[in-house]
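# Next one to model:
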Amino acid sequence: MQPLREAVYRLPPLPTVRELINLFGLRARKQLSQNFLLDPRITEKFVRAAGGKKLSNSYVCEVGPGPGPITRSIINAGVERLIVIEKDKRFLPTLQILSDSYDNRVDIHLGDVLSFNMSTMFPEELRRQDWADQPPRIGIMGNLPFSVSTPLIIRWLQDISERKNAWSYGRVPLTLTFQKEVAERIVAKEKGTQRCRLSLMSQAWCDVDLKFIIKGSSFVPKPDVDVGVVHMVPKAIPAVSVPFKVFEKVTRTVFSMRQKYCITPFRRLFPEAMRDEIPGELLQKSGVAPQMRPFQLSLQQFSDMASLYWETCQKCEGLFEYDHRAPLPARQEIEWSNRVHGKDNYERLDYFE
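Model prediction:
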């Protein structure tokens, strides 16, 4: 008799993402701006844009993984550990299947990325001591829902400027999807038609690169727009020196009238009593001609404008809190007028010495 051969047992192959979606009856929710990217060729290209083989032995946080199409490509890149943050609990079973299939190298967190704190999420030994050091072996990626992409990147830019949240570890890079128009705004250069507040804020604290465009037809369900993949690496030396909220206020106010001469919206940063001379002198010191339009200004010019505005705020109590959209009591306008004309221990010319 022939000896019995040892039986060979094989686990069934991991179901495709599409099969898992059908198995659990998952559907993208329009109110959450969900769109699934199911083509593995594109998800692998996305991971290559984030670093590809350089991700080997690194720690990655994926935000909004959904049923996990990009998740698989990240794991296959050889990462040490993948942490996913998902708001929609319907996707937890599919993500758990992925975690079980990849030796539990996937940590799953249920939460809203807009408020999620990543400051202790990675090993302590990855934390850089000096901000100017090379980025740590950490990356953040995600196919973001359109409804949260802009507020999320604004929040994260503030975290980068203050070196908190994930950026307490150092200059952690990001690779994220945005609507094509938003992606083009992030990387827009001066004098470009897409130049806006988001361009300046992104480029003030990060080196930005639009890697490639994904056709809307590649998503399920198909969105009405194409999608851009943007890679962002925090700058070792930021292009601005003022606090984030100061730069955000200046750019937001000036770009509120992007087709007007920049002197017009810039004057709105000041109460009526200060608008006749001070804004024009600050623009002149910034090298900005009053007839220039906001999208024509360089990042350096905006940085100089914000710095001079902030210096003025520090010398004039209450100026930064001033909001041109809120009516001032007559008493407060009188106080501003007194300060401008040298009363109340205030000398206007001190600003320009």
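
# Could I get the full set of helices for this structure?
Applying DSSP state H to the chain gives helices spanning 17-23, 40-49, 69-76, 92-101, 146-162, 180-187, 197-205, 244-254, 263-266, 278-285, 299-315, 330-340.

# OK, contacts around Leu95?
Pro65, Pro67, Gly68, Thr71, Val84, Glu86, Val106, Ile108 (Cβ atoms under 8 Å, 6 or more residues apart in numbering). Quick note: C-beta positions are derived from backbone N, CA and C, even for glycine.

# want to try JSON lines for those residues, with pLDDT as columns?
Below are the contacts of Leu95 laid out as JSON lines (pLDDT from 0 to 100):
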{"residue": "Pro65", "pLDDT": "93"}
{"residue": "Pro67", "pLDDT": "90"}
{"residue": "Gly68", "pLDDT": "90"}
{"residue": "Thr71", "pLDDT": "94"}
{"residue": "Val84", "pLDDT": "97"}
{"residue": "Glu86", "pLDDT": "93"}
{"residue": "Val106", "pLDDT": "93"}
{"residue": "Ile108", "pLDDT": "95"}
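
# possible to save the residues you listed as JSON lines with distance to Glu125 and neighbour count?
Converted to JSON lines, the contacts of Leu95 look like this (distance: Cβ to Cβ, whole Å; neighbours: other Cβ atoms under 10 Å):
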{"residue": "Pro65", "distance to Glu125": "26", "neighbour count": "25"}
{"residue": "Pro67", "distance to Glu125": "33", "neighbour count": "24"}
{"residue": "Gly68", "distance to Glu125": "28", "neighbour count": "26"}
{"residue": "Thr71", "distance to Glu125": "25", "neighbour count": "27"}
{"residue": "Val84", "distance to Glu125": "22", "neighbour count": "27"}
{"residue": "Glu86", "distance to Glu125": "27", "neighbour count": "24"}
{"residue": "Val106", "distance to Glu125": "21", "neighbour count": "25"}
{"residue": "Ile108", "distance to Glu125": "23", "neighbour count": "17"}
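
# low pLDDT regions in this protein?
For the chain, residues meeting the criterion pLDDT under 70 lie at 1-13, 24, 28, 30-33, 328-353.

# thinking again about what came up before, now, the contacts of Leu95 that are in strands?
By the criterion of DSSP state E, membership of the contacts of Leu95 in strands covers Val84, Glu86, Val106, Ile108.

# picking up where we left off before, can you say which of the helices of the chain is nearest to Glu124?
helix 146-162 (18.7 Å; Cβ to Cβ).

# chain center to the closest one: distance?
In terms of Cα atoms, centre = their mean, to the nearest Å, the centre of helix 146-162 is found 4 Å from the chain centre.

# now that helix against helix 197-205, angle please.
Between helix 146-162 and helix 197-205, the angle comes out at 30 degrees (axes from the mean of the first three to the mean of the last three Cα atoms, to 10 degrees).

# Check which helices and strands helix 146-162 sits against.
Judged by 3 or more Cβ pairs under 8 Å, 6 or more residues apart in numbering; DSSP states H and E, helix 146-162 is in contact with strand 174-179, helix 180-187, helix 197-205, helix 244-254.

# Tell me the buried residues in the last one?
What it means is helix 244-254. For helix 244-254, a neighbour-count test (16 or more other Cβ atoms under 10 Å) marks Phe244, Val246, Phe247, Glu248, Lys249, Val250, Thr251, Thr253, Val254 as buried.

# Closest one to Gly142 out of those residues, please.
The shortest approach to Gly142 among the buried residues of helix 244-254 belongs to Phe244, at 21.8 Å (Cβ to Cβ).
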